[in-house]
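1. need a 3D model of the following:
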Amino acid sequence: MLAFDVMTSPRTVQVADAVTVDVHDHGDGEPLLLIQTALLTEALVPLSHESEIARNFRVIDCRRREYGPSGTVSEPGSVRRDALDCLAVLDALSARPAHILGTSYSAAVALELAAIDPSAVRTLTLIEPPPRHGPPTEEFLAANRRLHDAYTAEGVTQALEQFNRALGIPSWLEERSTANEQHIAQVERDATTFFASDVPALLGWVFEPARTAAITCPVLYIGGAESHPWFAHVHRWVTEIFPHCEDHLVDGAGHTVASTHSHVVAELVANFAAKHH
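-> Numbers count the residues shown, from 1 in each chain. Sure, this is the predicted structure:
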């Protein structure tokens, strides 16, 4: 897993009574809020360090509640709750309005944030939101229910192995057999938050197209040209609900385009923001 630059220490921001989140806040310029996605806590770190981003923005890389060393899951999660937490971060850091970027799960959070408080958003970048609407919905929901059932019945280790197999990525059981205890603890702690909090949040999330009327900021959609077919439907859904959005598919990239093709994404985001300064 990626690690933050040792020169960049997180700060703790209170987002609700007795609830804090970790935030990495660095750079100058207009604020750019990067919202942590599900499971992969540091997926946006490569993007935050790309020169087009680091040079042009005050980057606010926000961890969501219950992730990190002190994270404990007290209840099922909520996309709306995560959006309100992000708004609290922007207020605490005097960073409104901000350019908002979310990928996968956190793109749902970004959508919610923009609909709840449009005044907090300068531009909105959505990188392949969850396939929660349109033809893939039932298949996507069924896959998430299976993951949650596996976590409940077999525990986090087996559920994570099932998740990796479903995505076609290397076996967690094999990696776990040679990893150090600290790495195992970190991965399985974050995976517990994913299965116990984020998956229920996705199962309960619906974004009614009528809510887009409140979102008046410019919208950018970024996807991977090689992503799962689900995300071709997501692409169409976003361009339908935001007819004037700018959209780009990155050649050779899949769903993790923000980390695997961070330079391309950084250039797209920086150019988009510059047009809407």
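2. which secondary structure elements does the lengthiest helix in the chain contact?
-> Secondary structure of the chain per DSSP state H: the longest helix is helix 137-154. In terms of contacts (3 or more Cβ pairs under 8 Å, 6 or more residues apart in numbering; DSSP states H and E), helix 137-154 is packed against helix 156-167, helix 199-204. For the C-beta atoms, the positions are set from N, CA and C on the backbone; glycine is no exception.
3. single out the most deeply packed of the ones you listed.
-> Most buried of the helices and strands packed on helix 137-154, by mean neighbour count (mean count of other Cβ atoms under 10 Å): helix 199-204, with a mean of 19.
4. ranges for the helices of the stretch 1-150 of the chain?
-> Taking DSSP state H, counting those that start in this stretch as the test, the helices found in the stretch 1-150 of the chain are 45-49, 51-56, 79-92, 105-116, 137-154.
5. for the third one, packing partners?
-> Here helix 79-92 is seen to pack against strand 11-16, strand 19-26, strand 30-35, strand 57-62, helix 105-116, helix 199-204 when contacts are counted using 3+ Cβ pairs under 8 Å, 6+ apart.
6. buried sites along the longest one?
-> Yep, that's helix 105-116 we're talking about. Buried residues in helix 105-116, counted by 16 or more other Cβ atoms under 10 Å: 105, 106, 107, 108, 109, 110, 111, 112, 113, 114, 115, 116.
7. list the buried residues in stretch 127-140.
-> For stretch 127-140, the neighbour count (16+ other Cβ under 10 Å) marks 127, 128, 129, 130, 131, 132, 133, 136, 140 as buried.
8. so how far is that stretch from its chain's centroid?
-> 15 Å (Cα atoms, centre = their mean, to the nearest Å).
9. and residue 182, what element?
-> Under the criterion of DSSP states H and E, residue 182 resides in helix 181-193.
10. by contact count, what packs against that helix?
-> helix 156-167.
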